[in-house]
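Engineer: 3D model of this:
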Amino acid sequence: MVTSVETARLHLRPWHEDDFPELVRLYSDPEVMRYISRGQPLTQDRVRGILDKQLRHWREHGFGPWIAEDKATGAWLGELGLNELPDWPDADKIEVGWELFPSWWGRGLATEGARAALRFGFRDHHLARIISVTIPDNVPSRRVMDKIGLLCQGTRRWRNAEVVWYALDRASWETGSSNEGDYVGDRSTM
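Structural biologist: Numbering: from 1, shown residues only. Now for the predicted structure:
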């Protein structure tokens, strides 16, 4: 089973237990959390819950978010990939998302990794539709959503906030230019 993917600049791999300290650091960064929890860091207990949930998701479904590492240096950049939103009010609950440390912003890495995640979801897991959700003010993430071919579906109230959401279905991905990009290959790690 394919679980790790490489792009031109990224090594994307499933989460592991030993990622916990870096995940705590990531989810403690006020800039990273600016559009997620109004800048408030997540507690270690909350991060532990997220880690446990994602490890379980990988075991049960064969996909989830990846840890993003710089191919050239091995540096831990953040997390990105596919994530299930079980409380999303529509039938399609698999989201493509990203959280990278600010020192890596502005280099197109979220776009590069998100394209790989779409390919992984549509090609390897035959997902019918992938969504992405953010608050309306998160212009950088909305720009990534546009670049990877997701289409704005509108706004709605979710988790006590006004959110904007985007979506792309597999048929549109297969015929569009969003399935091209910096994808290099994948590897089985199981």
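
Engineer: use CA for all of it now, contacts and neighbours both
Structural biologist: OK.

Engineer: Which strands and helices lie in contact with the longest helix that the chain contains?
Structural biologist: Counting residues, the longest helix in the chain under DSSP state H turns out to be helix 44-61. Applying 3 or more CA pairs under 8 Å, 6 or more residues apart in numbering; DSSP states H and E, we find helix 44-61 packed against helix 20-26.

Engineer: Now do the helix it packs on, average pLDDT.
Structural biologist: Helix 20-26 carries an average pLDDT of 97.

Engineer: list the buried ones in it?
Structural biologist: F20, L23, V24, L26 (16 or more other CA atoms under 10 Å).

Engineer: So what sits opposite W165 in the bridge?
Structural biologist: V133, G154 (DSSP bridges).

Engineer: my guess is it meets R157, correct?
Structural biologist: No: under the criterion of CA atoms under 8 Å, W165 makes no contact with R157, lying 10.5 Å away.

Engineer: And the two? Which one has more around it.
Structural biologist: For W165 versus R157, neighbours defined as other CA atoms under 10 Å are more numerous around W165 (20 against 11).

Engineer: next helix or strand past the helix or strand I130 falls within?
Structural biologist: Element membership of I130, judged by DSSP states H and E, is strand 129-134. Once the chain leaves strand 129-134, the next helix or strand it forms, by DSSP H and E, is helix 139-147.

Engineer: Dump that following helix to PDB, keeping only the CA atoms.
Structural biologist: What follows is helix 139-147, C-alpha atoms only, in PDB (Å, rounded to 0.1, in the frame of the first residue of the first chain):
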ATOM      1  CA  VAL A 139      -6.600  34.700   1.800                       C
ATOM      2  CA  PRO A 140      -3.400  32.700   1.600                       C
ATOM      3  CA  SER A 141      -5.200  29.300   2.000                       C
ATOM      4  CA  ARG A 142      -8.000  30.400  -0.300                       C
ATOM      5  CA  ARG A 143      -5.300  31.200  -2.900                       C
ATOM      6  CA  VAL A 144      -3.900  27.700  -2.600                       C
ATOM      7  CA  MET A 145      -7.400  26.200  -3.000                       C
ATOM      8  CA  ASP A 146      -7.800  28.200  -6.200                       C
ATOM      9  CA  LYS A 147      -4.400  27.100  -7.500                       C
END
